[in-house]
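K.L.:
Here is a sequence together with a model predicted from it:
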Amino acid sequence: MYLSKYEEAMLHGDYGDAIARAMQVVVKVGDVLKADRLIEIETAHIAGVSYLTIGDPGLEYLEDLAKSSARFHVFTTVNPVGIDVLNDWGIDKEFIDKQWRIINALKSMGASLWLTCTPYEYLRIRPRTYHAWAESNAIAYINAVHDAWTEKLPGPFVVLSALVGRVPRYGLYTLSGRVPTHVVRVKGGQAINNPLIAGLLGRKIAEEVGDGKPYLVAKFGGNAVIKQLLASYATYSPHAFMVIDGVTPNHKEYLAMMDKPEEINLDINDIIKDSGVEKQNFDAIFLGCPHYGIDEVMSVINYVRSKGSRRAKKPVYITTTPFVINSLSQDELNLLENSNIHLVLTTCPVVSPFLKSVGVNTVATESVKQMYYLPKMIGINYISCNGIKCLDLAFDE
Ligand code: F3S
């Protein structure tokens, strides 16, 4: 693989042992993937840093790395962790302390502690720039919505890429690796507005296309549904890559590059028919996978106002970011809290004990990604519900 003089110097230890070791891994992986060279990245997004998933070995590895002089070479953000940094939600103190040690290790290496899976909502991401990201919904989102280029990278590899500011050039980092293989047309009427249906559509597309790459022709009613589509698709797809007609910058170029693509026709009415919302019992409603942005939280606030500011009969937990909290007025925060709707920051139910520690064993959720992970990762059951109508289950029962 071709290396520049600077990359050779990093590899040979001119910038310290930790950088040399990181470079050795990045180059080795590049050799295995038959990359011709490394490319410089603009940002990195680290995932897989909850104490629940990496435990003591992961904590010790990050603390050792932080003790070296190694610092992140590019702007680096971090995915949700196992705790809400402002509220303990009854989580065990030892768990919280160890999670803070992980956070502090990342901070001392220069990470920006946004602790969200939607960093794309707070970054200006330019098309055709390179990134090293490790959160599947975010990877799918910046590829599809910004035509910004990242592979679906494992969390530990992103830590090393962030230290050297480079990734091997392969797969989705090349134009030829991004050519769609299937045209997926979704028929059956108007724009898709329902987050649950968008999530089920994402899963269906991944199942139909397998390890191909879809060029999707469908209409969506806004960013919230596109987030659900891509989060679910990325959960089931090995690539987390699709082009969306009329949404992805340069989509016409991708369309023109396709060579005899396979055609798949889906009818949205079949997906709606299969979406049957169950009437089973549940302990709480969970929203915010991927993390809710300000528009989604405002739609919840407007819903509550439309109900005359009544109190929900079951608690509602919404995961979001400190950016959202800072955008809300004290009146809006009080309205949510008084309505039994709780904003949970910097974490995610599948990498945190918080739902169990507030006594929740079954949630109602719109998120197809949560439906995949909740039972497997933390033994929480779910029933599905439809977007903002999920709240009807708590307000109208
Ligand atoms: Fe985010 Fe967790 Fe969902 S990291 S995308 S809230 S599974």
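P.N.:
All right, it came through fine. Numbering: from 1, shown residues only.
K.L.:
pretty sure Asn250 contacts Asp147?
P.N.:
Yes. Assessed by C-beta atoms under 8 Å, Asn250 is found in contact with Asp147 at 5.1 Å. C-beta here means a position set from N, CA and C on the backbone, and glycine is covered the same way.
K.L.:
Give me the common contacts of these two.
P.N.:
Contact criterion C-beta atoms under 8 Å, 6 or more residues apart in numbering; residues shared by Asn250 and Asp147: 127-128.
K.L.:
more neighbours, the two?
P.N.:
The residue with more neighbours, out of Asn250 and Asp147, is Asp147; 21 against 15, by other C-beta atoms under 10 Å.
K.L.:
Ile125 is in contact with that one, correct?
P.N.:
No. Applying C-beta under 8 Å, one finds Asp147 not in contact with Ile125, separated by 9.3 Å.
K.L.:
where do the contact lists of those two overlap?
P.N.:
Contacts common to Asp147 and Ile125, judged by C-beta under 8 Å, 6+ apart, are absent.
K.L.:
neighbouring strands for the strand ranked longest in the chain, and are they parallel or not?
P.N.:
Longest strand of the chain, by residue count under DSSP state E: strand 284-292. Note on strand 284-292: by DSSP bridges, its sheet partners are strand 316-320 (parallel), strand 362-365 (parallel).
K.L.:
tell me the contacts of whichever residue of the stretch 1-150 of the chain sits closest to the ligand?
P.N.:
Residue of the stretch 1-150 of the chain nearest the ligand, by C-beta to the nearest ligand atom: Cys117 (3.1 Å). By C-beta under 8 Å, 6+ apart, Cys117 lies in contact with 47, 79-80, 135, 137-138, 289-291, 348.
K.L.:
Pick out the most distant pair among the residues you listed.
P.N.:
Ala47 and Cys289 (13.8 Å; C-beta to C-beta).
K.L.:
More neighbours: which of those two?
P.N.:
Cys289 (28 against 25).
K.L.:
Help me confirm that the more buried one comes into contact with Val363.
P.N.:
No. Contact criterion C-beta under 8 Å: Cys289 and Val363 do not qualify, at 10.3 Å.
K.L.:
what comes up buried for stretch 77-87?
P.N.:
For stretch 77-87, burial by neighbour count (16 or more other C-beta atoms under 10 Å) applies to 77-85.
K.L.:
mind checking the SS state of the residue most central in space within the chain?
P.N.:
With distances taken as C-alpha atoms, centre = their mean, Asn137 lies nearest the centre of the chain, 3.5 Å away. Following DSSP: H, G, I helix; E, B strand; the rest coil, the label given to Asn137 is helix.
K.L.:
Please name the nearest non-neighbouring residue to it.
P.N.:
Ranked by C-beta to C-beta, 6 or more residues apart in numbering and with sequence neighbours excluded, the top spatial neighbour of Asn137 is Ala231, at 3.7 Å.
K.L.:
Which positions in this protein make contact with the ligand?
P.N.:
79-80, 117, 137, 231, 289-291, 319, 348, 350, 369, 373 (C-beta under 6 Å from any ligand atom).
K.L.:
thinking again about what came up before, what's in contact with the longest strand of the chain?
P.N.:
80, 116-118, 137-138, 141, 227-228, 231, 296, 300, 312, 314-321, 324, 344, 348-349, 355, 358, 360, 363-367, 369-370, 385, 390-391, 393-394.
K.L.:
what separates the residue nearest to Asn137 from Tyr317, distance-wise?
P.N.:
17 Å (C-beta to C-beta, to the nearest Å).
K.L.:
List the residues that contact Phe72.
P.N.:
Taking C-beta under 8 Å, 6+ apart, one finds 44, 109-111, 162-163 in contact with Phe72.
K.L.:
Tell me the one among the residues of the chain next to the ligand nearest to Val184.
P.N.:
Ala231 (17.2 Å).
K.L.:
sorry, back to before: out of the contacts of strand 284-292, which end up buried?
P.N.:
80, 116-118, 137-138, 141, 227-228, 231, 296, 300, 312, 314-321, 324, 344, 348-349, 355, 358, 360, 363-367, 369-370, 385, 390-391, 393-394.
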